[in-house]
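Enquirer: Here is my input; please provide its structure:
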Amino acid sequence: MTEPTLFDVGTDVGSDLPPVYPHRAAHGTAGTLRQWQQEALDLYIRKRPRDFMTVATPGAGKTTFALRVAKLLVGSGEVNRIYVVAPTEHLKRQWADAAARVGLSIDPNFKNSDGRHGSQFIGVAVTYAQVANKPALHRNKTEAGRTLVIFDEIHHAGDSLSWGEGVREAFEPAVRRLALTGTPFRSDTAAIPFVEYVKDADGVPRSSADYSYGYGPALRDHVVRPVVFMAYSGNMRWRTASGEEMEATLGGAATKDITNHAWRTALNPEGEWIPAVLRAAHQRLLKVRDKINDAGGLVIATDHEAARAYAAQLDALTGQRTTVVLSDDKEASRKIEEFSADGSKYWMVAVRMVSEGVDVPRLCVGVYATSTSTPLFFAQAVGRFVRLRKKAEVASVFLPSVPVLTDLAGAMEAERDHALGVPGGEQPEEGELQDPLEEEQAEDRASEELTKGEFAALGSSAAFDRVMFDGEEFGLGGAVGSEEELDFLGIPGLLEPDQVSELLRRQQAEQLKRRPKGTEAPRGGVVDHRQLKALRAKLNKSVSAYAAKTGMHQGSIHTRLREKCGGPPVGQATQDQLEARLKQVQLWFTRA
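Expert: Coordinates of the predicted model:
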């Protein structure tokens, strides 16, 4: 008699399993699945695949879906061993805990030196680095049973000659492989193992997911929180390597160097920008805690020194000890777990590591205080705040008003598949065991080290710039502590997505009514944020061209334009003010 398979017995396998049926539960539990999870499971059963890739936005419940597949395969006898491959040590334990809740015993403490796992476990949770260090060991373990491999954040296997090769060698014999990801793949020339690629209209091979569930659909289905982005600008001053003092508006500079220097100045803990933004973020957190009494906040810092300085400022602001999680801290996992469980704690400060997959459901407010700006990291960082627990929770993320970040914030619903053969993709050296995310972060750190001796932040100030939500921009700017800022900081912590949009529009309309007489009214009564953005870009290009022709620094040119034409920095300037400066710089250009 042949052994029954999952597909012979259907979806209700084993007496210990609850029946599986379509269910629109807002929260996936052991007995119910969210609609997208049920659809993906139904598709999995129909396709009878050896390989299956699911792309789902952070917070949607990929772990629940994967463990339901695992439970069904084990219950039917299809598999008798489970491997979970995760990016970090913390996530190994998180997977083991989740598996235990559905009756699957997975060992997260397995080491390569152990050789075998205990008979009380059905499998192990390992890191990509662990597999790459001894792929032959893991291949032998895979071949020794009917093995299901779950790849958490499969994009980590995208490096040839390192993690990718190790994963391919170790798990090629697996009878089932389930790949999960919730973040954009980076473009490269190395195929991710066990992922199908299909050529697009331009002939570029792109990864093809078996099932996809983006942030937009998840928001509509009340599976994730709506995210309101609070952008802050301000005036920045710094000294260059040549000793020249520069001044620019955060987000208003044209060149990459000026933007980066202004950004670094803003993040300097000795300036005024960071303390002002932390105060605003804490004020927002207190408002959220009116309705969500255990709501917590997370500050993502660039380096250890900045993280400790930010934590000290939060200590003074809140009157309690801030949790600090550093990447080289052996107690990092314990600290994250304790913060997650203790609803009385306000803030946690972390250096990059609290990003992908780390589950702290009570995080509702974030401060993006890092210079890392890749789409991969941004998506992972924002993903920490979107996990929904109660209906209508709202997340708020504070960030510097620089184009690369505001563009990423505005593209939350964009899908990015892994593309092969895209120019510019760099390959790691042979034998290099490197994580794609860590590689990008290492580039950031290397750049910072090179410029450390050439740069000195002199001072910064903060100004409220605008609010971004669902692809739209709201707010007319204003000083920190102004009524314009407080309107948005005070929005309730419990709102449906459509209520968020309605309230933001109403707040902006009220601000327009309060404008002093004689102040320019927006054309048509509504601020056209797209036109303003285009004018800012046009002005910055003209300033850049004038700087190239005259040898002047762009920050100096912007300062002269403000002196000549009047008005606030570029980020807060009106349409008429921007057009006046554009005409002025074009006039200067013809006379130069």
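
Enquirer: which residues touch D210?
Expert: 40, 43-44, 47, 49, 52-54 (Cβ atoms under 8 Å, 6 or more residues apart in numbering). For glycine as for every other residue, the C-beta is placed from the backbone atoms N, C-alpha and C.

Enquirer: In terms of model confidence, name the weakest of those residues.
Expert: Here the lowest pLDDT out of those sits on K47, with 90.

Enquirer: returning to what we had before: of the contacts of D210, which is the most crowded?
Expert: The residue in the contacts of D210 with the most neighbours, by other Cβ atoms under 10 Å, is T54 (26 neighbours).

Enquirer: ok so it is a strand residue?
Expert: Yes - counting by DSSP: H, G, I helix; E, B strand; the rest coil, T54 is located in a strand.

Enquirer: how close does it get to L582?
Expert: Note on T54: its distance to L582, by Cβ to Cβ, to the nearest Å, is 48 Å.

Enquirer: next one: V102
Expert: Taking Cβ to Cβ, one finds V102 at 61 Å from L582.

Enquirer: more neighbours, the two?
Expert: Each of V102 and L582 has its neighbours counted (other Cβ under 10 Å); L582 has more, 20 against 15.

Enquirer: Tell me where the model's unsure across the stretch 151-300 of the chain.
Expert: 159-161, 183-190, 253-254 (pLDDT under 70).

Enquirer: which stretches of it form strands?
Expert: 176-181, 197-199, 205-207, 211-213, 227-233, 235-239, 245-249, 296-301 (DSSP state E, counting those that start in this stretch).

Enquirer: which residues of the chain score low on pLDDT?
Expert: Using pLDDT under 70, the chain drops low at 1-31, 159-161, 183-190, 253-254, 328, 352-358, 413-453, 516-530, 571-572.

Enquirer: Verify the contact between F171 and E165 for me.
Expert: No - F171 is beyond contact range of E165, at 11.5 Å (criterion: Cβ atoms under 8 Å).

Enquirer: Compare these two (neighbour count), which wins?
Expert: The neighbour count for F171 versus E165, taken as other Cβ under 10 Å, is higher for F171 (23 against 19).

Enquirer: Does the residue lying closest to the more buried one once chain neighbours are set aside belong to a helix, a strand or coil?
Expert: Of all residues not flanking F171 in the chain, V149 sits nearest, at 4.8 Å (Cβ to Cβ, 6 or more residues apart in numbering). The local conformation at V149, judged by three-state DSSP, is strand.

Enquirer: list the contacts for V149?
Expert: 82-85, 142, 171, 174, 176-178.

Enquirer: Nearest to C364 among those?
Expert: V84 (28.4 Å; Cβ to Cβ).

Enquirer: tell me the contacts of the closest one?
Expert: 92, 95-96, 99, 106, 123-126, 149-150, 152.

Enquirer: Next: A136.
Expert: With contact taken as Cβ under 8 Å, 6+ apart, A136 is in contact with 169-170.

Enquirer: mind giving me the domain ranges of the chain?
Expert: 6-220, 227-514, 531-591 (automatic domain parsing).

Enquirer: Would you map the strands across the stretch 401-550 of the chain?
Expert: 456-460, 463-469, 472-474, 478-479.

Enquirer: Dump those into CSV; add distance to V351 as well.
Expert: Shown next, in CSV, are the strands of the stretch 401-550 of the chain (distance: least, Cβ to Cβ, whole Å):
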stretch, distance to V351
strand 456-460, 19
strand 463-469, 25
strand 472-474, 30
strand 478-479, 31
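
Enquirer: Show me the one of those strands that comes nearest W263.
Expert: When the strands of the stretch 401-550 of the chain are ranked by proximity to W263 (Cβ to Cβ), strand 456-460 comes first, at 10.4 Å.

Enquirer: mind listing what G566 touches?
Expert: Q577 are the contacts of G566 under Cβ under 8 Å, 6+ apart.

Enquirer: State the distance from it to D200.
Expert: According to Cβ to Cβ, G566 and D200 sit 49 Å apart.

Enquirer: how much space between A191 and Y211?
Expert: A191 is 20 Å from Y211, by Cβ to Cβ.

Enquirer: Apologies, that question was intended for H558.
Expert: With Cβ to Cβ as the criterion, H558 and Y211 are 48 Å apart.

Enquirer: Which one's more surrounded, these two?
Expert: When neighbours are counted by other Cβ under 10 Å, H558 and Y211 differ, and H558 comes out ahead with 25 against 19.

Enquirer: so which helix or strand takes in that one?
Expert: Here H558, judged by DSSP states H and E, is contained in helix 554-565.

Enquirer: now swap in A381 and tell me
Expert: Here A381 sits within helix 375-382, counting by DSSP H and E.

Enquirer: how far out from the middle of the chain is the helix or strand just after that helix?
Expert: Following helix 375-382 in sequence order, the next helix or strand is strand 395-400 (DSSP H and E). From the chain centre to the centre of strand 395-400 is a distance of 11 Å (Cα atoms, centre = their mean, to the nearest Å).

Enquirer: for strand 395-400, packing partners?
Expert: Under the contact definition 3 or more Cβ pairs under 8 Å, 6 or more residues apart in numbering; DSSP states H and E, strand 395-400 sits against strand 227-233, helix 256-267, helix 273-289, strand 363-369, helix 403-410.

Enquirer: wait, which of those is closest to A132?
Expert: helix 403-410 (29.6 Å).

Enquirer: so what does that closest one touch, helix or strand wise?
Expert: Going by 3+ Cβ pairs under 8 Å, 6+ apart, helix 403-410 lies up against strand 227-233, helix 375-382, strand 395-400, strand 463-469.

Enquirer: again, 7 Å this time
Expert: strand 463-469 (3 or more Cβ pairs under 7 Å, 6 or more residues apart in numbering; DSSP states H and E).

Enquirer: send the alpha carbons of the strand it packs on over as PDB?
Expert: Extracted in PDB, the C-alpha atoms of strand 463-469 (Å, rounded to 0.1, in the frame of the first residue of the first chain):
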ATOM      1  CA  ALA A 463      11.200  72.200  10.700                       C
ATOM      2  CA  PHE A 464       8.100  70.200  10.100                       C
ATOM      3  CA  ASP A 465       7.900  69.600   6.300                       C
ATOM      4  CA  ARG A 466       4.900  67.400   5.400                       C
ATOM      5  CA  VAL A 467       3.000  64.200   5.900                       C
ATOM      6  CA  MET A 468       2.800  61.400   3.400                       C
ATOM      7  CA  PHE A 469       0.100  58.800   3.200                       C
END
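
Enquirer: neighbouring strands for that strand, and are they parallel or not?
Expert: strand 227-233 (antiparallel), strand 472-474 (antiparallel), strand 478-479 (antiparallel) (DSSP bridges).

Enquirer: Among the contacts of D210, pick out the one closest to G366, please.
Expert: T54 (25.7 Å).

Enquirer: Please tell me how far that closest one sits from A547.
Expert: To A547, T54 is 49 Å away according to Cβ to Cβ.

Enquirer: hmm, who's touching the helix holding H558?
Expert: With Cβ atoms under 7 Å, 6 or more residues apart in numbering as the test, helix 554-565 has contacts from 246-249, 252-255, 258, 543-544, 546-547, 570, 577, 580-581, 584-585.

Enquirer: And for stretch 359-367?
Expert: By Cβ under 7 Å, 6+ apart, stretch 359-367 touches 94, 277-278, 281, 284-285, 288, 292, 294-300, 336, 339-340, 343, 384-385, 387, 389, 393, 395-398, 493.
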